[in-house]
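Trainee: Got a sequence here, can you build the structure:
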Amino acid sequence: MTSRLLQPSLGSPDYDGIRQALRHDTSTPVISVRGLEVRVSVLPLFTHDGRQAVRVSCTGLLPEDLEITLGEEVRRGADATFLVPEVSAPTPFTLHVGGETAEVLVTPQRKWSVFVVHHSHLDIGYTDPQGTVLRNHLDYLDAALRLTKETEDWPDDAKFRWTVESSYPALRWLEARPRNVVDAFRARVEEGLIEVTALPFQLHTEACSTEELYRELRFTKEFPTRSAMHTDVPGAVVGLVDALNAAGVRYLAAAHNWAGRSVPYLHGGDKLTRPFRWRAPSGKELIVWFTDTPHGMAYMEGNTVGLTDSYELADDLLPRYLLALSDRSYPYGPGTFGWQGPDAPKAPYELDALHLRVQGAHADNAGPSIIPARIVKQWNEQWAFPKLRSAVNSDFFEHIERTHYDRLAVHEGDWTDWWADGLGSGARPLGYVRRAQGALRAAETLHTLAGADATEEIDAAYDKVALFNEHTWGAANPWEDAEEAGDSGGLQWTRKSAGAYQAQDDAADLLHAAARRYGNTFGGESFVVFNPASAARTDVVRMFLPRDVIAVDVPIVLIDARTGEWIPHHEELVDPDDWPTRPIGRHLEAVVRDVPGMGHVRLDVEKAASPATGPVELAHEPVIENEFYRVTYDLREGYIRSIFDKVAGRELVNLDAAAGFGQYVYDRYATAPHFNHLSGHVGAHDRTLLGDRAIARNAALIKATRTAVGEKLVVELQGKGVDWLRTTIELHYGVPRLDLRYQLAKQGTPAKEAIFLAFPLSTEGEAEWELTGGVGGSAVAHVPGSAAYMLPIRHWIAFEDPELTVAWATLEAPLVQLGTIHMPYAPFPPTLDEEPGTVYSWALNNIWDTNFPAQQQGETTFRYAVSSAAGVSRRRLGAATAAGLTDPFVGILATGEGTAAATASNASVDHQDVHITSIGRSGERTVVRLQSFAAEPVEVTVHLRGLREAEVSAGLAAGAEQADVRDGSVKVRLPACGVAAVWGLCEDR
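Mentor: Presented below is the predicted three-dimensional model:
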């Protein structure tokens, strides 16, 4: 008896309930008398001899010998399938059940072709620790190979076929299996029985840098890759279109898991027909299939209708599912898992071909099963239509491209991910990964310019970065700490976060080695200040002068080798009494003007008559300034009160905003922790679940200094959710940018919480922002149904009004909400009045109840920058503002022979909206990678020192075409927001 009291934990959907709802919604009551209810379904089922099916189901008080008659056919029992002549127009038939009679209208039905795509959704973690999951997936490939052998004599449509959803396990499998087995696998790929798709694993694509996204497709050359699968994550960046095209892939099957944390149907998703053509600004396209939303069960579509269980269950449910697709907005009704709103007026599915995913069991990371192929075999023997085909992923797309291409709708722009809020659940390791992305570009460039090939090490570090950006950030129950299965949260997050820290360490090691290698190419007592960005700029550089090069008690000056002029610098001594475990010497800080992009300026170190000027303590007034800005901090309120642009004569802070500039905002929600998928079941239509909102006030001024390089304020505050919060505000002389650094000691708690940093800018101009492989904006197209309340950006947002452009940039924290702070539960209502120009950096949160860490703690750093300029476009100012964070100058000490040129540029491009992101190696070739932020196609001239031969491609080596080289330069055409690469042979340097 007491078992009836038990309440299961929230979590996965209730398949029995969903299936029963499908049966109910696809049948019509025709008789309801004296405890007897009879329901009828006219289904899209056709026999080989030209008849169609009508199903009759009876419930209630039924005699044992119940007799049912439809037309001339008589059946006994509670449920019966009748076959009637195929009709071409609605045709009435008479139904007799017991002593009752009703008229049944039999209607024409579609003749479907269903492509059953058998795969396993790869979560690297979630169901088990990562190593266990990956070993299992290698075993699945063994099983898939055996099953193709078992069914090789079956009819072609029924043969077992297997789609490898993510190529990473296949690549590991190739390395771990004997040659004869590998050859057999490749033969099955050539035969079309196995398909390896393009993406290595399922990524939060918005967390990837553009270079990372392209590099992770480099393995597509291992197989004849025709398609990609994007599973679970409900959204992808616009740059994915160009990246897949560069790999020769034009088909994408997306299975979006809405999990109750998404409301695409409230933001245009009801207008998103499937399949559709997804077009990037470049003009390149993907044909995209996506599983039906908002409650189509994502990659469990085929499992839900019985294709993993038995022929009998599939025979019951699949025709009903097809009927629902053709008659209803969505196949399942409200109340189904992931449904948070009223039914949307979406048109029923129009085509007669369907892509239907199936897994070997009702679980992530499920292995292959012979059952779906057996069902297909038996089905096609029994029924002429629907025609089922055991298919690989690209089979469906080839059919659609051949038969329906011109009918497909075209949608443009970003398909913003509804799960991107999960990125804030691992703020510290995510910050390390984002730093690594920039450091790797600089490291590869410097290694290449120094004549070294570090391709293998660079690729390995990028792979670690990408593994962190893989979508599985935690166990099914991440708060648990078991050793196996879905409760192994502690083990899984330890490995996941360790990978992020290792990736950053690898990137730092590679940059460290590259700087030393490059420094050994010149000599003398000097530094080379290298600019890893492609645009010339003035910025601050930090360098280290060891005491064994020049003793710490010897005064020095820095000389700009271009002009012979003295450059002011600031010194900080590493005292062995304070830091006995670190190299002894001096950290030097200086502002170097007009350093060419992908080039350097030499600073000579000379002995001086007197020491450099030390820091000067400012008055107790918390005000700093340089030529461009005057910044005033409000100690009592705990935020920046004013940023005054001295050049434009304009205040950059919205003084009437709800929050102060840089204000710490802490939200706590009235929802319980440690309930699997709770956040997917909770709806918030107002602020009721906002349990507490607090801000940090009463700052203590820790430091206010002026040096030869600039001015700095350091304040400390106390706030909820943290042990302490330290804010550093810096202006450097000659640099038109405000730099901000927030360091906080986060307290760990399972309570549902979020931290925001507010940046109310005084502008009403329209916004644009950087995306992976593109640019988004308030006036830029996006795919209907994209996430609307938050933005997962790369690094910058910029606003432009008729008088001034203002840019804001972030290094570690990519999540942004514009204008207000929203509740983190669907449908995500705002909690504040809308303020144009206010940027809320969503620094961290723990609102997820599965797949992401349940809490986070520790010292964490977030860096930001702000700048403004008149007459500069948003895209240019945004990129320039972010460069100080993402591409800091590298100060390199001379350790070799000879003398470096006073200044030099190694590569350049003659368009301000086209950036050289890095310079690398590919065998004997030098690779110059380009990314355009221009809204239109452009032709640019790329110069590479010593270039004599060149090919140009769309980012990857595939499809490279010969290009003319003149005087070390080559012309390159880039589409709007496009990517290109120049693959060149250079003269020896």
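Trainee: Tell me where the stretch 51-200 of the chain has strands.
Mentor: With strands called from DSSP state E, counting those that start in this stretch, the stretch 51-200 of the chain shows them at 51-60, 67-70, 73-76, 79-85, 91-97, 100-106, 113-118, 162-164, 194-196.
Trainee: Mind putting those into JSON lines with distance to residue 411, mean neighbour count and mean pLDDT?
Mentor: To be clear about C-beta, it is placed using only N, CA and C from the backbone, and glycine gets the same treatment. What follows is those, written out as JSON lines (distance: least, C-beta to C-beta, whole Å; neighbours: other C-beta atoms under 10 Å; pLDDT from 0 to 100):
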{"stretch": "strand 51-60", "distance to residue 411": "36", "mean neighbour count": "19", "mean pLDDT": "95"}
{"stretch": "strand 67-70", "distance to residue 411": "45", "mean neighbour count": "19", "mean pLDDT": "94"}
{"stretch": "strand 73-76", "distance to residue 411": "47", "mean neighbour count": "12", "mean pLDDT": "92"}
{"stretch": "strand 79-85", "distance to residue 411": "40", "mean neighbour count": "17", "mean pLDDT": "95"}
{"stretch": "strand 91-97", "distance to residue 411": "40", "mean neighbour count": "16", "mean pLDDT": "95"}
{"stretch": "strand 100-106", "distance to residue 411": "37", "mean neighbour count": "16", "mean pLDDT": "95"}
{"stretch": "strand 113-118", "distance to residue 411": "22", "mean neighbour count": "26", "mean pLDDT": "98"}
{"stretch": "strand 162-164", "distance to residue 411": "25", "mean neighbour count": "25", "mean pLDDT": "98"}
{"stretch": "strand 194-196", "distance to residue 411": "25", "mean neighbour count": "26", "mean pLDDT": "98"}
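Trainee: Of all those strands, which one is nearest residue 833?
Mentor: strand 113-118 (47.3 Å; C-beta to C-beta).
Trainee: if I look at residue 148, how far off is residue 968?
Mentor: In this structure, residue 148 and residue 968 are 53 Å apart, going by C-beta to C-beta, to the nearest Å.
Trainee: These two: which is more packed in?
Mentor: Under the neighbour definition other C-beta atoms under 10 Å, residue 148 and residue 968 were set side by side, and residue 148 has more, 22 against 17.
Trainee: What count of nearby residues applies to the residue nearest to the more buried one when sequence neighbours are not counted?
Mentor: On the basis of C-beta to C-beta, 6 or more residues apart in numbering, the spatially nearest residue to residue 148 that is not a chain neighbour turns out to be residue 193, at 4.7 Å. The local packing count at residue 193 equals 21, with neighbours defined by other C-beta under 10 Å.
Trainee: can you start the count at 13 instead of 1 from here on
Mentor: Noted, 13 is the first residue going forward, which turns the last one into residue 205.
Trainee: In contact with residue 205: list those residues for me.
Mentor: 160, 171, 172, 173, 174, 404 (C-beta atoms under 8 Å, 6 or more residues apart in numbering).
Trainee: if you set the cut-off to 7 Å instead, what comes out?
Mentor: With contacts taken as C-beta atoms under 7 Å, 6 or more residues apart in numbering, residue 205 has the following neighbours: 160, 171, 173.
Trainee: Surely the last one is in contact with residue 131?
Mentor: No - counting by C-beta atoms under 7 Å, residue 173 sits too far from residue 131 to count as a contact (9.8 Å).
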